[in-house]
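In: structure, please.
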Amino acid sequence: MTQTAIAEIIGVHKCTISLEIKRNVPQRGQGAKIYVACKADAKTRYRHKSKKKHMLLTPELKSQMKEWMTIKRYSLELVSAQWSKDQIAGVSHETIYKFIWNCKHTNKRENRTFKHLYKRLKHGRRKSKRGNYKDSRGLIPNRVSIEKRPKVVDERKRFGDLEGDLIMGKGHKSALLVTTDRATLKTTINYLKGKDPKDVTRNIIRRARKMPQIKTITFDNDQAFSMHEIIAKCESLFYETVYITG
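Out: Numbers count the residues shown, from 1 in each chain. Predicted structure coming up:
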């Protein structure tokens, strides 16, 4: 077919077809003067990857940003504002943050000097103050305080008083659900793909069905155990009233 006919079928100008063939059809060697779609696509991707890009955050700006953050202790907002004040074509603080974040998780040679720059962020290492009782984030709704747990549980003399906890994997992408009997120290471990409350609850109930009737369960104040009321309603699994404490 002619290039004009192909252009009409595809819906582009005939010059686009001509340019595509000119760029991606080899003139010598194996496959000379033959258009192969997959090879043309690979050539296009290589050209795009190797061509020079217009960079807003230039190496000069990166060095200046690092100096201001380490020596002058500037925040990202101050760095961006200082460039505007000095009438320098800089970038926004969101762009700086994305760059610092990428440097933290990559090992590119050109960005190796900025890999630990995230430690200079103003609020990067902020922690909750001790005794901040007004902070209600992360609290489990309708939880039963550990002070209301029966005193006999502290004696560790009867079977059926369990403790549950999660051991998180790297990047919180996996977890181990650990349950231990307080009297016998019998421990069971279940592998989880994360800390989703539904998955955690499902595994706790499945594990409880294989054990003698349980009396109490004690959990940490973790959102993974926020569906504790569903566990407590499974009366066939428990001999006494269930206390989900934390």
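In: residue contacts, Leu162?
Out: Neighbour list for Leu162: 179-182, 214, 216-218 [criterion: Cβ atoms under 8 Å, 6 or more residues apart in numbering]. Placement of C-beta: from N, CA and C, glycine included.
In: let's see it at 7 Å
Out: 179-181, 214, 217 (Cβ atoms under 7 Å, 6 or more residues apart in numbering).
In: what's the answer for Lys104, then?
Out: Each residue near Lys104 by Cβ under 7 Å, 6+ apart is listed here: 115, 118.
In: send the alpha carbons of the host helix or strand of it over as CSV?
Out: Lys104 belongs to helix 93-105 when elements are defined using DSSP states H and E. Extracted C-alpha coordinates of helix 93-105, given in CSV (Å, rounded to 0.1, in the frame of the first residue of the first chain):
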residue,chain,number,x,y,z
HIS,A,93,9.1,23.2,47.4
GLU,A,94,7.0,20.2,46.2
THR,A,95,9.5,19.5,43.4
ILE,A,96,12.4,19.7,45.9
TYR,A,97,10.6,17.3,48.2
LYS,A,98,10.1,14.8,45.3
PHE,A,99,13.7,15.0,44.4
ILE,A,100,14.9,14.4,48.0
TRP,A,101,12.5,11.5,48.3
ASN,A,102,13.8,9.9,45.1
CYS,A,103,17.4,10.3,46.2
LYS,A,104,16.6,8.5,49.5
HIS,A,105,15.3,5.4,47.7
